[in-house]
Every structure is written in structure tokens, then in C-alpha cells.
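> The following comprises the amino acid sequence and a computationally predicted model.
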Number of protein chains: 2
Amino acid sequence: MLSFVSEFEVMARCKQYNEEEVIEKAMNLFWQNGYETTSIRMLEKEMGINQFSIYASFGSKHGVFVESIKLYRKQLNSIRNTLKESENGVEGIKEFFYNFLKFTKYKDAHKGCLVCNTMSEMGEKAEQDLMAEMKKFTQDLRVLFVKNLSQDAGKSKETVEREANFLMTAMLGLSVGSRFLDREQLDDYLETAFINL
Amino acid sequence: MLSFVSEFEVMARCKQYNEEEVIEKAMNLFWQNGYETTSIRMLEKEMGINQFSIYASFGSKHGVFVESIKLYRKQLNSIRNTLKESENGVEGIKEFFYNFLKFTKYKDAHKGCLVCNTMSEMGEKAEQDLMAEMKKFTQDLRVLFVKNLSQDAGKSKETVEREANFLMTAMLGLSVGSRFLDREQLDDYLETAFINL
DNA sequence: ACCTAAACTAAGCATTTGCTTAGATATATA
DNA sequence: TATATATCTAAGCAAATGCTTAGTTTAGGT
């Protein structure tokens, strides 16, 4: 929230916590439990700050979640950049999928993709600001998929668009599947998915 | 729950509702909202019976849900049978996917697959009896996929297994995707997925 | 050292959650 | 018709939910 300096320029006590640090903890909690199942009391414990501070900084549980999604996007930047800079067409996308699988791994188990999980949990009734943030996530990726698919010789515009649509949905499957399928099944999935792109 | 006849063979008032009928209503509610978001009060309204009756018949909210999953499996029987009787290999599976898409449609919007939604919502922390019921669902399908894939000439056992793994995960993607992607994107997904099976 | 205001703590708010219980109602047999 | 008993209604339970508020602490410019 906004903090403003009084007309007397008198400074007061300053925050004992770093907002990005506590959001990272919140994000991990949401990631593991989903939005609805994560309560303010759980957030309070995990973030290490009082409810008052949570509401002072982020306004609501919803607000904490939106910030978590933003941070998620940011944390994905490193593997997204790898894809951005790759020039080996579909092969680069395949590498991205494997990197993504690593990224969503936590202590041997997968948590799936936070955005995919949220899409699945809320469907279309997600609030607008949240939906906008998630759309950013998916649109960004799609642009990169299109970029790399176009690097492959002899692919028409139509083919590129169709395969991009395929890949977006394939990511959803990978995300959900990663939460209970074993390594072999996931490998089979990815290998087969990329066979004829 | 069990109802038993007394030693005096005296009959009393009988149920004013049909258990399968009210479960169907419950199932649709769970399907639209997910498990956690669906409250007993909502169920009570939708099922048209009192909380007491819900608990008398099904023991708990969890119990209602397990019965809903069972009914879901049962309702899918018609399209599963079509697949079961098909002898045209991969083409039959593709038809199943399109039928499945129709099956999960509700008033122009898709609700996704109830089992996939639940997998996504609960991950691995779903209770054992529920998980068992969901495993039945997925295993049944996988058997049919393997059957049809084997009908295609020249497919090794390894290829069949790999492609079956692919299809199971593809179904997850289709389920989640169907909830917010448009017709074109879903078609692109399915057409591309089946191109080289 | 003093004073202002932001950041803290912790208690408490109304509402909703899943589930139970007390008591009225209805029905198939005797 | 009388009786026994399962099914119904509706009120109520403790616990958990998201959020607020009253009051204390602490930092920094004067």
C-alpha cells in the first residue's frame, strides 16, 4: 500500500520485512496448496509476519496472490530467457519444456505450474486483475513458441500457429501430469509430443 | 448408509429422494466448482434435501464426492463403450477425444474432466478411497488406448506403451485447456497431437 | 530528550465451514 | 387404528474463514 511522508517530514518506524521475500514464501505456499486451501493463518506463519502487516502491504489475500503470480513470472525469467535466446527452433522449445519440469520440482515431487494450477482451480471465474496477470504469462510464452517454430525451415504461418496452440495446451497437460505421473510417463509424453513438430 | 429392518418387521417412513438422482446433482455442482469450493449448504440446495439426509445417506461431504466420482465414471460409459467397440486403431481414440470434449461441455462452456479437475485440485493428498476411484477411471481408459493402439499395424509394444502414456497426459491438457481455450485452439491441439500416432 | 506517525501485537469481529442433535412427521405392519 | 421406527425439519455446535480495530512499540527528524 501507499506510505506517505507527513507534512512535518517526520520519519517513523520502518518495515521489518522485505516485501519480495515474504511474497516468495507466500508464493510457495499457494503453489503447494492452491489458493482456496491456503488460509491467512497459514500465510501469516509462512511469511513470518502478522496479519495486520499482510493487509497493510497487500490489501487482501487476493492481493497477496496476485503478487505471488507476478513473482512466479519473474522467477521463470531465467529459463524463459534461455528460450528467448535459442535459435534452434523446436529443439529449443523442447529444452524449455524439460527446464520447466525441473523448475516445478520441489523435493523430488512436482508442484506443477502455479499459473496452470490456478487456471484449473478457478476456471474463468478468476478476478480480472489476476486473470490479466496470468494472460501475460501465457501470451509471453506463446510469442516465444511462435518465434522458435518459425526458425524451422519450411513451416508455413498456419503450421506455426497450429503448433503453437498445440504447445500451449501441451504445457497444461505436462503441468497437471507432473504432479502424479512418474518420470517415464512424462518422458514418453514429451518425446511423443515433439516427434512430429 | 445401511438401513435395516427391525426384529418386529415394522416398516417406517421411506426415503423421499432417489440417491442416484441427488448424487447426479451433487456431481454437477462439484464439477462446476471443485471440491473445496462446494459447501454442504450449496449441496443441500442443489440436491434438494436436508443436511441430515445427506449425512444419513452418504456419511460426509467426502462420501458425497466419492459417490459423485463413481457416477461420473458410469456416465462416461457410453462414450467409453464406443471406444471399446471400435476397431479402427488411433482413429477410434481420436473420436473418443472429440466425444469426451462434447461430454464435458455445459451450456457452451466446458467444465473439464471431473477426475482431471480433482487430480489437479488435490494432487497426491486425495484420500485413499477417492484416489482408488480415480485410478480406476484412468486405468480403464489406458487399457482401451493400448487396445486401439495395438490395432494399428506395425506398432511395437514399446511404441504402444509410449503412445498410451502420451495420450493419458494429453487428456489432462485437453481437460484443463477446454475450460478457457476456444474451439480453434482445441482443434489445433487435437489435430496436432494425433498427427503422428 | 521529545514528539509524530508508521509498523507492530494480539484480541476480536461477523460469517461460513463441516457436522450433530432434539424433536416433529410420516408410513408399513400388526 | 395403534405402534414402532426411519425420515424429515430446523436449530445449534465448535472451529476456521477473511478481515478489522484498539492499543503498544519503535524509529527518526527536530
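Sure, I can see it.

> And residue A:158, how far from residue A:69?
From residue A:158 across to residue A:69, the span is 32 Å (CB to CB, to the nearest Å). For every residue, glycine as well, the C-beta is placed using N, CA and C.

> what do you get for residue A:159?
Distance of residue A:159 to residue A:69, given as CB to CB: 32 Å.

> For the helix or strand hosting residue A:54, list every residue counted as buried.
Assigned by DSSP states H and E, residue A:54 belongs to helix A:51-58. For helix A:51-58, burial by neighbour count (16 or more other CB atoms under 10 Å in any protein chain shown) applies to A:53, A:54, A:57, A:58.

> on that earlier part again, mind checking which of residue A:159 and residue A:69 has more residues around it?
residue A:69 (22 against 15; other CB atoms under 10 Å in any protein chain shown).

> residue contacts, the more buried one?
Contacts for residue A:69 (CB atoms under 8 Å, 6 or more residues apart in numbering or on different chains) come out as A:27, A:114, A:115, A:118, A:130, A:133, A:134, A:137.

> Reformat those as JSON lines; add secondary structure and distance to residue A:153.
Converted to JSON lines, these look like this (DSSP: H, G, I helix; E, B strand; the rest coil; distance: CB to CB, whole Å):
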{"residue": "A:27", "secondary structure": "helix", "distance to residue A:153": "40"}
{"residue": "A:114", "secondary structure": "helix", "distance to residue A:153": "36"}
{"residue": "A:115", "secondary structure": "helix", "distance to residue A:153": "32"}
{"residue": "A:118", "secondary structure": "helix", "distance to residue A:153": "37"}
{"residue": "A:130", "secondary structure": "helix", "distance to residue A:153": "40"}
{"residue": "A:133", "secondary structure": "helix", "distance to residue A:153": "36"}
{"residue": "A:134", "secondary structure": "helix", "distance to residue A:153": "34"}
{"residue": "A:137", "secondary structure": "helix", "distance to residue A:153": "30"}
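
> ok, the residues you listed vs DNA strand D, which is closest?
Nearest to DNA strand D among the contacts of residue A:69: residue A:130, at 13.1 Å, using CB to the nearest atom of the strand.

> of the buried residues of helix A:51-58, closest to residue B:102?
When the buried residues of helix A:51-58 are ranked by distance to residue B:102 (CB to CB), residue A:58 comes first, at 42.1 Å.

> give me the residue from chain A nearest chain B.
Closest to chain B within chain A is residue A:173: 2.7 Å, counting by CB to the nearest CB.

> so who does that residue touch?
A:189, B:169, B:170, B:171, B:172, B:173, B:174, B:176.

> Over to residue A:25?
Per CB under 8 Å, 6+ apart, neighbours of residue A:25: A:46, A:47, A:48.

> Quickly find the element holding residue A:92.
helix A:90-103.

> So stretch A:178-192, near chain B or not?
Yes: Stretch A:178-192 is in contact with chain B by CB under 8 Å from any CB of the partner chain, via A:179, A:180, A:181, A:184, A:185, A:186, A:188, A:189, A:191, A:192.

> secondary structure class for the third one?
Recorded secondary structure, residue A:181: coil (DSSP: H, G, I helix; E, B strand; the rest coil).

> Look up the closest residue to it, ignoring the ones flanking it.
residue B:169 (6.6 Å; CB to CB, 6 or more residues apart in numbering or on different chains).

> Around the one you found, count how many other residues there are.
Counted with other CB under 10 Å, residues neighbouring residue B:169 total 25.

> what does residue A:40 give?
14.

> how many other residues sit next to residue A:117?
Neighbours of residue A:117 (other CB under 10 Å): 25.

> One more: the one 3 residues further on?
Using other CB under 10 Å, residue A:120 has 27 other residues around it.

> does it really touch residue B:117, like I thought?
Yes: using CB atoms under 8 Å, residue A:120 makes contact with residue B:117 at a distance of 6.5 Å.

> pLDDT below threshold where in chain A?
Along chain A, segments meeting pLDDT under 70 span A:1-13.

> Strands of chain A, residue ranges please.
A:105-106, A:109-110 (DSSP state E).

> Pairing partners for the first one, with directions?
Spelled out, that is strand A:105-106. strand A:109-110 (antiparallel) (DSSP bridges).

> For the strand it pairs with, which outside residues touch it?
So strand A:109-110 is contacted by A:101, A:104, A:178, A:179, B:124 (CB under 8 Å, 6+ apart).

> rerun that using 7 Å as the cut-off
Here strand A:109-110 makes contact (CB atoms under 7 Å, 6 or more residues apart in numbering or on different chains) with A:104, A:178, A:179.

> same question, stretch A:145-163
So stretch A:145-163 is contacted by A:83, A:86, A:87, A:89, A:90, A:92, A:93, A:164, A:167, A:197, B:188, B:192 (CB under 7 Å, 6+ apart).

> same deal with stretch A:52-66?
Taking CB under 7 Å, 6+ apart as the rule, stretch A:52-66 contacts A:1, A:19, A:26, A:30, A:35, A:40, A:43-44, A:47, A:67, A:127, A:129-130, A:133.

> and it, how far apart are its ends?
With CA to CA, to the nearest Å as the measure, stretch A:52-66 spans 18 Å from end to end.

> so where do the helices sit in chain A?
A:19-33, A:40-47, A:51-58, A:61-75, A:77-85, A:90-103, A:114-122, A:128-151, A:157-177, A:183-195 (DSSP state H).

> could you check the angle helix A:90-103 makes with the last one?
The reference is to helix A:183-195. 160 degrees (axes from the mean of the first three to the mean of the last three CA atoms, to 10 degrees).

> Could I get the buried residue list for helix A:183-195?
A:185, A:186, A:188, A:189, A:190, A:192, A:193.

> Against which helices or strands is it packed?
Judged by 3 or more CB pairs under 7 Å, 6 or more residues apart in numbering or on different chains; DSSP states H and E, the packing partners of helix A:183-195 are helix A:90-103, helix A:157-177, helix B:157-177.

> JSON lines please, covering those and showing distance to residue A:79.
Formatted as JSON lines, the helices and strands packed on helix A:183-195 follow (distance: least, CB to CB, whole Å):
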{"stretch": "helix A:90-103", "distance to residue A:79": "4"}
{"stretch": "helix A:157-177", "distance to residue A:79": "13"}
{"stretch": "helix B:157-177", "distance to residue A:79": "20"}
